[in-house]
Each structure stands twice: as C-alpha cells, then as structure tokens.
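In: Take this sequence and fold it.
(chains A, B and C)
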Amino acid sequence: MSIINIYMIIIMLLSISSYFYGRNFIKNKTSTSTEKQHSKDTYHGAFISLYLILPSIIFLSLWIVISPNIIDELLTIKIIYIFGQLGIDELKILKSQVIALSNGVLIAGNLSEEVNYISDYYLYIQTVSKKIYIILSCLGSAAAFLYARKKITIRFNARFNVEVIVKSIMILASLIAILTTVGIILSLVVETIRFFEIINIADFLFGLKWSPQIALRADQVANEGLFGAVPLFAGTLMITVIAMVVAVPIGLMTAVYLSEYASNTLRSIAKPALEILAGIPTVVYGFFAALTVAPFLRDKGADIGLTLSSESALAAGLVMGIMIIPLISSLSDDVINAVPQSLREGSAALGSTKSETVKKVILPAALPGIVSAILLAVSRAIGETMIVVMAAGVAANLTANPFESVTAVTVQIVVLLVGDQEFDSAKTLAAFALGFTLFIITLGLNILSIYIIRKYREQYD
Amino acid sequence: MRENGKMKNDYKVKTENITVDYGEKRALHGINLNISSNEVTSLIGPSGCGKSTFIRCINRMNDLIDGCKVNGKILIDNEDINNQNMDVVELRAKVGMVFQKPNPFPKSIFDNVAYGPRIHGTVKNKEELENMVRKSLKRAGLWNEVHDRLDASGLSLSGGQQQRLCIARAIAVNPDILLMDEPCSALDPIATAVIEELINELKERYTIMIVTHSMQQAARLSQKTAYFHLGEMIEFGDTSSIFTNPKHEMTEAYISGKIG
Amino acid sequence: MTNKKISALTKKRYSSEKRFKAYCIAALALAMAILFTLLSSITLNSLPAFTQTHITTDVYLDKNLLDPNNTNDLEAILREGPWRSLAKSSLREMVPGVNDRKEKRELYGLVSVIAGDSIKYYVKENPNDIGKKVQINIPSSDDIDLLTKGLIDRNLPEENRTVSNLQLKWLDQFIYEKRVSKRFAWKLFNHGDSREAEVAGLKGAIAGTLLTMFVTLIISFPIGVMTAVYLEEIAPKNRMTDFIEVNINNLAAVPSIVFGLLGLAVFIGYFGMPRSAPLVGGIVLALMTLPVIIIATRASLASIPPSIREAAYGVGASQLQVINHHVLPLAIPGILTGTIIGIARAAGETAPLLMIGMMAFIVDTPHKITDKATVMPAQIYMWANNPERSFESLTSAAILILLIILITMNALAIYLRKKYERKW
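Out: Below you'll find the model as predicted:
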C-alpha cells in the first residue's frame, strides 16, 4: 500500500493547491472583464479541486474492490499452470502458503522452489496492479483538471456544479448503510449455503446433538446429529427467558416510579445512574457473572442443598437481565411520558389513586410501546455474546434445568471462530449458519416491534 | 438591470393563471395579479384563503415544500421566474422576504445583516460590508438602537426589533421586491406602528407585497389591495375603492366583518 | 351505602396504592443496589493491582562482568549484559548459604522473572554507576506480591499455598531489613501484555483501543453526518429513502457479533486485510456505530426550527449554504453527543473483535493501524480467562480503568447535551 499512500498524499496536496489556483484563475479573468461574475471565487476553486481529486478516489475504490479478485484469479491460473490441475483443498493450501510467504509470515527456505517462484510472481502482479492504478488515476485526474479549467468562465455556475458533486457524495455516503446490510446478508448467506451443502438443513435445525469438534476429522463430517443446533437454541432461549424475568418487572417498575412518583432530585440522580448501567461494556458484565454471581449462586445453592453448575444458565441469565434493565426502563420511560397529561388528570378527577391510574390508564395506553421495548430487549438478549461466553458453558446440554450448564448460539460462534481456523471447514461455515439464524431472528423481532408500534400507536394530537 | 420600473405602464410583477397544489389539494385556483413598481400591495382575506401561498410563489419558497406544485406564469421584470435558466438563488436575492414570526439567525446582529451580502459576494471587502450593514440597519430604522452592540445576539432583541432586523437582513442584498408575510402578527401594537412607518418609507425604494390579517393595516399602508377567498382572488383594485366601494359582495362581507 | 363501607373500600384502595408504590421503590432500589454492588466489587477487587511489591536489592554492577572487553559502549552493554544472572547473584549475596538447587530456585522465585530488566533499566538511566554497588528496587514475583497484600494466607499449611516456608522466612528477613516496599504499579500503563502478572500492563491495549477508535471515528463520523444530512435535509421522500431509513434502523438492532462475521468474511476473507489489525476492527466498529451517529444527527437536525431555514432561503442562500451556514452549526452539540456515545459504545465492544482476531496475545505496542493489536475489552476478556490468581485483580483494575474512560465520555456527552440544549 505504501506507493498508493504516497500517491494519495500527492494527489491531495495537488487538489488543495488547485483550489487556490482556481480562485486566482477566475479572479484574473474577472479583473479584465466588465461582466459580472456568476459564482464566488471559492466555488470556482472548489470546483477545480474536486474535479482533480475525484477520479483518483473513484479509481481507488474500484481498485480496492476489484483488484483482489483479479489477482486471486491470476494466482490460481499460475498455480494450475505450474502444478497442473489440483483439488480445491490443495489449491487453497498452496495459495495460503504463497500469500504467507510473500507477506513474510513464512520463511522461504522451508518451501519448495515452485512455491517460492509463484510467491515472487504474486508480488510482481501486486506491484503491476498498483502501477496500473496509479497510471490510470493520474490520467483521469489530469484530464478532469484540464476539463474543469476549460469550463471556468465568468458566467459559469460553479456553485451549482460544486453542490451537485457534494450532494452526490452525500448520496453515496447514505448508500453505505445499504451496502453494509447487503454485505452482511451476502457474507452470511453465501457461507450458510456452503454449510448446507455439507450438512443437511433439517439436521441443523432439528438435530438434538451438537459437537462440532469431532467434525475436524474428515471421515466424520457427515455424521448425523453433530451439527444439530437445537441445544443451542434451547440454551439461548432459557437464558433469554431468565433475563426477561429479571429485567421486565424491574425495568418497568423503575420506569413507572421515575416518571410517575419520583421527585425531580431523585430523577436527576437515578437517570444518569441508569445511563451508567447502560454504558457498562458487556465484557464487564461477563466478568461480574463469572467471578461474583456464579460462585455466589453456587455457594447459596449448596447451602440449601441444590447443586448448581459453576456455569449455570441462571447466573448468565441473571446478569444478562441486569444488563437489560436500563434498556427496558429507558424505552418504557419514553412511552410512559408520551401518554398525555390529560389522561392522568381525567383519571385523577374520577377519584382514582395514582396506582389505579397507572394500572388502568397509563400502562394500557403505553402497552404497544412497552411490548415493542420488550421485543427489542429480547432481540438484544439473544444477540448478546460476552456475558454468555464468559458465564455460560461450552458443552451443548439439552436440559430444562436452569441450574445446569447450557450453551448459547453466540457462544458457539465464538468457540468455532476464535483461534486458528481453516476458512472452509464445516466448523467455520457452521458459525456463519448460526450467525445467519441469529440475524434472521433479531431482524424478525425488530420488524415485529416496529409493526406493533405503528399499528397500535394511539394518535393523541 | 434595476430601473425600478420607471415605465409606469409596465408592471414589476405579472402573474398569469397561477395554480398551486399541495398533493391532491388545490390551494390556489388561477390567480392573475399584476403589481406595479414602488407600490405597496396588500393581500387580505380569511385564514387559509391562499394569500400566503401566493406570495411564496413570487420567490419560489414553495419549492421547499414536498409535494407542492406551482403552475402558471410569473414574470418579474418580464422574466419568467419558473424558467429553466432562472437561478432560484439569484431570484431570492432580488425578491426579499420577511416572515410572520421574526426569525433572526442565532448569530450576532452584524452577522445577521451581513449574511446575504457575504453569500452573494456583493461586497468586495470588509469596509464595504460594514457600510452595507450600516446602511441596511439605518433603512430598517434599527441603527440608533443597536449601533453600540452589533456583536450582541440577534435573539437578544425585542420582538419588534427582531422583525426590523429581519427587514434589514432582507434589504442588505439589494432586492427590488419585498414580500412580507403578516410581518406584524407576532408583535404588540407599538412595535407594529414602528414597522408600519418603516414600510411607508421603504416603498420609495422597493416594491412591496404584504399579507395581512388586519384590514386597518391594509388600509393604512397599501395603494392596492387584493381580496382572496378560498384560493381565489375575488377582487383587486385601489385600496381606497376596495374599502369604500367594494364591487363584490364577498369583499364587502369580509370588510364589514361578516366573514372572519 | 354507608359511610363506613366507603371508607373500608377506600382503605383497601389506599393500601393497594402503598403496596404498588413500595414495589416500584423496591425495583429502583434493587437496580441501584446492583449498580453499586457491581462497581464496588470491581473497585475493591482492583485495588491490589494498583500497587506492586518491590524488594530493594544490593546489586554490584561489576564492570568486568557487564563490559568484559572494556568497550564503554552503553548500547552493547544494555543489549548483551547478563542482567538475569546479575539479579540472581545479588539475591544470593543477600541471603548467604543457599547452595541447594531447589533452594536456589525458591530464592529466585522471590522476584519477578524479569527482575533483570529492572537492573538493565537502572543502568540505562544511570550509566555512571557501572562499577559501583547500588540499591535497586526489583518487583517481587506475583505470589510474594499476593502474600504481602494478604491475599495468600500465610497460616495455611505449606502444601496449600504457593509460597514455601523457606521463601516466607527470607521474606520476613527482607521485611525486617526494610527491603520490602509497596509502590504504585506504573507498569499498568507503561508495560504491554505479559504471561507474568507482575509485569502485565495495559499499554498495548490502550494504544490498540486508541488506534481502533481513530479508524472508527474517521470513518463513521463523516459518513454518518453526511447520511443524516442527506436523509433529513435533502432527500425527497420516496421509496429509496424509505428503504435506506428502514435499513439504518435495522442495522441498529443487528447483534454486534454479526458485524464481526461481516468483518471476517468481507474485510479479511475477501479484501485480504490483515487479521488482528486496528484497521479491520475500526472498520467493523465504524459500521456498527454508523446507525447511532445517523439517528442522533437526524434527531438533532429535526429539532432545528424550519424558520431558520426559511430565513436563510429568503435571503437567497442555496440549499447547501443553508445546511452549512445555519443548520449544521446549530446541530453540532447534538451530533457530538451522539458521536461520543457511539464511540464510547464501540470502545467497550468485544464480541465482533474476537471474530477478527483482535484478542491475540500481543506484547508489543502497536504503532500503525495495520499492526497486530488488541483492545482494552479484549484484554480484559483474555485476563479474565487466565486462571492465575493475580490476574483476577489485574482484570478488575483494567475494567476500572476502562469504566473510568467510558463513564467520563458519557458524562461529557450528558454535559454537552445539557449545556447546549436549546428550547426553540
């Protein structure tokens, strides 16, 4: 990248200086003319400077997206040319050797002469690709600069042209959000489809046994039940339910108290405190669960004769519930505050006590909002990773006992992907399949929550 | 370009068959109204009659409203303002506007007035800019009150002063035409009197169109009056004749307070 | 209906009212108690990690030993000096009569395995002391550290504790000679990660976090603000912009680990960016932070009254001038608040970074965004998984430092919001 970096810095400097060039250029033109200049000098400067830099940037993004593909293709051709036709796995291994060698990760001495040769070739095509990029964008930028210079006249509407460019850049920026979604869906879907080529989709969704470690041995990959994800779903579900049992009542009651009963002083202390609770990183909650809550529960359980696993679903669920309290309380607080004052006054005027007003008037009016808040919280709990990674188990037990150790979808994604992995093994692909399942479920919950809000929202104005 | 319409027969603003639609709803039904230079024209009528919509056509402020469509021809100095070649920014520099509620920028008094000249590049240097600000504030009758605190925020002024600041801001870009959309409706009677006096002075230099709810104000200020009702222009003529001898019964009903 | 009956019913209603209120107070109190427990347990746990036990040793900086060829080349001396054996021999001198191999090993176990580095550092700072006998503070081993802090019970039988009776005896002798001192553990901030608790520090993780957040900020801030401005101020209301909006709202609810999968498949898998690098971590976190910034910026833009925009259009400003000169400057406090909250959230994020390998054991401090690096939360995760006892308080200390940074950021955001809150 270094040569590209240098080029980009040069182009940026040129672009900045062409801004001043453009300003002086139009100033000189106007000073010898009687006509009234259309746009201010700065717009002419900005116009020429944007024209100079844009081709280079556009080519750069194209190059970043396209060149890895082409280089990979050329590398494949070269390897096949030298080694003859190879199996997919052998090709992969050779490729990673070549790349590791050219990155300096591997030492040349340990590898065959052919690999060394291909590695040199690989470095060579990389350099060529960089050179091609630089030549093309030099030409593009120079042409654009000359074009812009020719365009600049006294009556030229530089402001309009600059604004069109700026607006286009903004439109591109807003497309990043779409690109991200597309990227997520594509990467998940592609790998998931490859996973289902190895593992039957029904086995994945309905299988009761999960033990991916065995799949490392090629002869056992297709063994039925190894990638049955039901224990994972059940574990996630149990932890989520425990979390909700903790978070919903506490969060909701807190919100009711803060918005209906609390004095301003208390509110001004409690609200930031809840925000602090919401701002604590999940890894901290995980540590708290593993180090404080789980041993505490185990000891107390032992006192009354219960055997708790030190990685019990209960500990993970409790702490996840704690993490979710501020989410529920702040979302509910918003919807409770959105209930108009007139309803409270109307209820009070009929002689209701405050709690009757809350229970019979405010909560029913706020119900859609509260339900959608709970759905968002559920989706958050399902996707939460660090707490379960640190406090829940790794072994996939299918159990309904919250005192035993269970595992969760996110735990398995981490377990499958952390550490050195082969990119195409069933293990890696399984992680993407789990991720895709997670994505679909949280997406569904989110859409449902938006739908409920839209459908049942009372129009008070 | 600015001859300030010395040719008496030629109109400064000519509108032909203006219709405005907000989505499905038609707000103006074919308005034809011609306005001469250096006169004050009042637009009166009950709420929702389309008078504000009409003057917002003159500087194309309706462009900013999603789903609003303006049809018909509007000529200013015989130039079609909806023409492809017309730059809306240059149009608005030529046609200033003062809004219902005083809306100074949350900046200093100086920066408020200087904003227009700065973006249009009509001044060459700091000195010219200062002159322009001083001249505009003087014309708006605000100079004596604020000359010692030009750095104070525009929002620190009283309501009437804020409105005059907005007028100064509008005239700092040397417009030909000033549009005023109920400029006194948010002000108390004393501030209103000051603004009215100011409008009387301004008509020497500018062509003014003013939307007002107050018939007395229209009578006091304007040479011409147009009466709007439910998106149509019912009557247009000299103010004196409209108020003393309305030709249309609806105009009469409005003026005598039967339609509100 | 008699008065008495009404009052009985009313009484019941009032007691139900009281009950309800009590439940609500209990819920709030519970939430606060949990917050208090969490913060206090972490603070208490972390306190031992902020001090470190040192043993003052008499070291003879023998010139013949350090510079046998008499080159006076300090660099070479520092590079090749027998620092470790120097530390060992000075320990032997302080405790004469230790000859048994096992006893020697126990003796050396009193001080940190990198005790030699302390001597080396001393020589680097005071090169003129070569040839003299000097006193140098050497960090003790982590077991001795735990013992002096009372975290290992010296009354336990010998086989149940990690410090032997012999070591205890020597330690008591050192304490009697006033050689044992507790000092602030600066190594937390000027050392990288290590397998040895007594030298493990956060320098690398802090640098990694800074680099990662830098990448996150320079990507998510401009893109987020431009997107928000486009959607709120410029875009026509049509299917396309609706679609973008729905997209952004959904992205805000996508689990963070899924962003990690995206980073692994696209940025590392397809674009071939380096694993474990702040570059990839920063990009992934930027995509995650984007919705937060967009939503906050839009809210901030929407709260600016349209009269400001009308006023600017009225004097002939173009759309971008209206945005640049009036709308954006007024929205800046709201934008900054949203950005700070978003970045604080990203700085505490772990899961997506595990996916892209930013939890490797890395001793060196990263300097470039393509260096291998780890971040604070990932460091906490790794230390939390370390079974050694002394890593427990170290983890708590790292958490405390991270929390202080994050809470400061959030407090700054709340302060900005309060200070520049404008009522129109």
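
In: Give me the neighbour count for residue C:420.
Out: By the criterion of other Cβ atoms under 10 Å in any protein chain shown, residue C:420 has 13 neighbours. In this view, the C-beta of every residue, glycine as well, is placed from N, C-alpha and C.

In: same check, this time on residue C:43
Out: Counted with other Cβ under 10 Å, residue C:43 comes out at 14.

In: go on, residue B:87?
Out: 16.

In: surely it meets residue A:39?
Out: No. At 9.9 Å, residue B:87 does not count as touching residue A:39 under the criterion of Cβ atoms under 8 Å.

In: where do the contact lists of these two overlap?
Out: A:157, A:160 (Cβ atoms under 8 Å, 6 or more residues apart in numbering or on different chains).

In: quick one: is the strand or helix carrying residue A:128 near chain C?
Out: For residue A:128, the host element (DSSP states H and E) is helix A:113-151. No. Judged by Cβ under 8 Å from any Cβ of the partner chain, helix A:113-151 and chain C are separated, with a smallest distance of 10.3 Å.

In: so what secondary structure elements neighbour that helix?
Out: helix A:2-31, helix A:41-83, helix A:88-102 (3 or more Cβ pairs under 8 Å, 6 or more residues apart in numbering or on different chains; DSSP states H and E).

In: What is the burial count for the closest residue in space to residue C:178 that isn't next to it in sequence?
Out: Using Cβ to Cβ, 6 or more residues apart in numbering or on different chains and skipping the chain neighbours, the partner closest in space to residue C:178 is residue C:56 (7.9 Å). Each residue near residue C:56 was counted by other Cβ under 10 Å, and the total is 16.

In: shouldn't residue B:184 be in contact with residue B:191?
Out: Yes. The pair residue B:184 / residue B:191 is scored as a contact, 7.4 Å apart, by Cβ under 8 Å.

In: Return every residue with contacts to both of the two.
Out: residue B:163.

In: Compare these two and say which is more crowded by neighbours.
Out: Shown here are residue B:184 and residue B:191; by other Cβ under 10 Å, residue B:184 has more neighbours (25 against 19).

In: separation between that one and residue B:239?
Out: 17 Å (Cβ to Cβ, to the nearest Å).

In: Also residue A:68?
Out: 76 Å.

In: Just want to know which of those two has more residues nearby.
Out: Between residue A:68 and residue B:239, counted using other Cβ under 10 Å, residue B:239 has the larger neighbour count: 21 against 17.

In: circling back to that earlier point, could I get the contacting residues of the residue nearest to residue C:178?
Out: Residue C:56 neighbours (Cβ under 8 Å, 6+ apart): C:135, C:136, C:137, C:138, C:178, C:179, C:180, C:181.

In: model confidence over stretch A:434-441, on average?
Out: Average pLDDT, stretch A:434-441: 95.

In: Look up how far residue B:82 lies from the nearest residue to residue A:343 once chain neighbours are set aside.
Out: In this structure, residue A:343 finds its nearest non-sequential neighbour in residue A:361, 5.5 Å apart by Cβ to Cβ, 6+ apart. Distance, residue A:361 to residue B:82, by Cβ to Cβ: 54 Å.

In: Residue C:281 contacts residue C:360, doesn't it?
Out: No. Contact criterion Cβ under 8 Å: residue C:281 and residue C:360 do not qualify, at 11.8 Å.

In: Spell out which parts of chain C neighbour chain B.
Out: Counting by Cβ under 8 Å from any Cβ, chain C sits next to chain B at C:236-237, C:305, C:307-318, C:321, C:325-326, C:330, C:422.

In: List only buried entries from those residues.
Out: C:307-318, C:321, C:325-326, C:330 (16 or more other Cβ atoms under 10 Å in any protein chain shown).

In: for the nearest residue to residue C:274 once chain neighbours are set aside, what are its contacts?
Out: Leaving out its chain neighbours, the residue that sits closest to residue C:274 by Cβ to Cβ, 6+ apart is residue C:370, at 5.4 Å. Neighbour list for residue C:370: C:274, C:277, C:278, C:279 [criterion: Cβ under 8 Å, 6+ apart].

In: Number of residues surrounding the third one?
Out: By that I understand residue C:278. 30.
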